[in-house]
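Enquirer: Sharing a sequence plus its predicted fold:
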Amino acid sequence: MTEPLIPRGRAEPAPGVVHVPGWLEPEARARLVRACREWARPPAGLAVTRLPGGGVMSVRSVSLGWQWVPYRYVRTAPDGAPVKPFPGWLGDLGRRAVTEAYGPAAAHDYAPDVALVNFYAPGAHMALHQDKDELTDAPVVSLSLGEACLFRLGNTEIRGRPWQDLRLDSGDLLVFGGPSRFVYHGVPKTLAGTADPAAGLREGRLNITIRVTGLGGGRDGGG
Ligand code: SIN
Ligand code: MN
């Protein structure tokens with residue numbers, strides 16, 4: 001990807017939300033895309049998520065460590081296979097991201113155990129929601145790869161305005177924690193024509209969120 005004419009700088013669009021454009025170097029982007037391709041393979045590969053109302057989400061997803069299903073974490077993927085492990089190197093990357101956002105003290109105890117990989121084919125989107133199925137308030141680390149998107153950063157009170165729209169590009173880091181850990185957020189659209197072929201994605205967008213479930217190493221969470 002060619003570098004933008006005017007480099008975009010680090011921003012804190014809300015308290016506890018840190019956006020670092022271009023945080024991932026091209027080689028790191030390509031490595032993550034290669035890893036996503038591996039994780040996407042069956043068993044326990046990329047799958048649609050069925051919603052309780054009968055619909056399906058427009059993104060396709062693969063979970064590592066724990067499987068997120070609306071609205072809890074379980075150990076089994078939608079195809080019945082055991083969820084793929086959460087790799088140690090991804091946890092290290094999450095800790096580096098938290099260090100980048102909040103400094104080394106915040107990252108000291110940050111021990112993520114789950115990652116959700118969402119693939120946005122052209123036209124996919126994600127409605128405003130909170131990440132609130134975790135039992136901790138540890139920060140969420142979000143990495144974007146491929147096509148850029150409009151990321152809607154709402155408020156912590158209601159699923160609606162006020163919100164602000166940010167653009168997330170391939171390689172961008174977004175961390176939300178502290179007072180914004182339970183902020184409403186969503187992706188109204190990806191931006192056609194912004195692919196990052198050097199990262200290995202000719203079209204579509206990948207988003208990886210790294211999280212701490214707070215569930216420990218034991219049984220399935222929730223009911
Ligand atoms: C999510 O909220 O799980 C995904 C956000 C994104 O795709 O940037
Ligand atoms: Mn989310």
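Expert: On my side now, so go ahead. Ligands and ions are numbered 1, 2, ... in the order given.
Enquirer: hmm, who's touching the longest strand along the chain?
Expert: Longest strand of the chain, by residue count under DSSP state E: strand 56-64. Strand 56-64 is contacted from outside by 36, 39-40, 44-51, 68, 77, 83-87, 90, 114-121, 123-126, using CB atoms under 8 Å, 6 or more residues apart in numbering. Where you see a C-beta, it was placed from the backbone N, CA and C, and this is true even at glycine.
Enquirer: Which among the residues you listed count as buried?
Expert: Buried members of the contacts of strand 56-64, scored by 16 or more other CB atoms under 10 Å, are 36, 39-40, 44-47, 49, 68, 77, 83-84, 86, 90, 114-120, 124-126.
Enquirer: low pLDDT regions in the protein?
Expert: 1-7, 218-223 (pLDDT under 70).
Enquirer: Need the nearest residue in space to the closest residue to ligand 1 within the chain, chain neighbours excluded.
Expert: Using CB to the nearest ligand atom, the closest approach of the chain to ligand 1 is made by residue 207 at 3.2 Å. Among residues not flanking residue 207 along the chain, residue 118 sits closest, at 4.8 Å (CB to CB, 6 or more residues apart in numbering).
Enquirer: Need the residues that contact the helix or strand encompassing that neighbour.
Expert: Under the criterion of DSSP states H and E, residue 118 resides in strand 114-120. Strand 114-120 is contacted from outside by 36, 39-40, 46, 58-66, 68, 73, 86, 90, 126, 146-147, 149, 187, 190, 204-213, using CB under 8 Å, 6+ apart.
Enquirer: residue ranges of the helices in the chain, please?
Expert: Secondary structure of the chain (DSSP state H): helices located at 26-40, 88-102, 104-107.
Enquirer: Relative to residue 195, which of those helices is closest?
Expert: helix 26-40 (11.4 Å; CB to CB).
Enquirer: In contact with the most centrally placed residue in the chain, which residues are there?
Expert: For the chain, the residue sitting closest to the mean C-alpha position, by CA atoms, centre = their mean, is residue 209 at 2.5 Å. Residues in contact with residue 209 (CB under 8 Å, 6+ apart) are 115, 116, 118, 131, 140, 141, 142, 143.
Enquirer: Try it again at 10 Å.
Expert: 68, 94, 112, 114-118, 131, 140-143, 174, 176 (CB atoms under 10 Å, 6 or more residues apart in numbering).
Enquirer: follow-up on the earlier one: any idea of the angle the strand holding residue 118 forms with strand 56-64?
Expert: For strand 114-120 against strand 56-64, the angle by axes from the mean of the first three to the mean of the last three CA atoms, to 10 degrees is 140 degrees.
Enquirer: If we check ligand 1, which of the contacts of strand 56-64 are in contact?
Expert: 116, 118, 126 (CB under 6 Å from any ligand atom).
Enquirer: Tell me where the protein has strands.
Expert: 11-14, 17-20, 47-50, 56-64, 67-69, 72-74, 114-120, 126-129, 140-146, 149-153, 164-168, 173-176, 185-190, 205-211.
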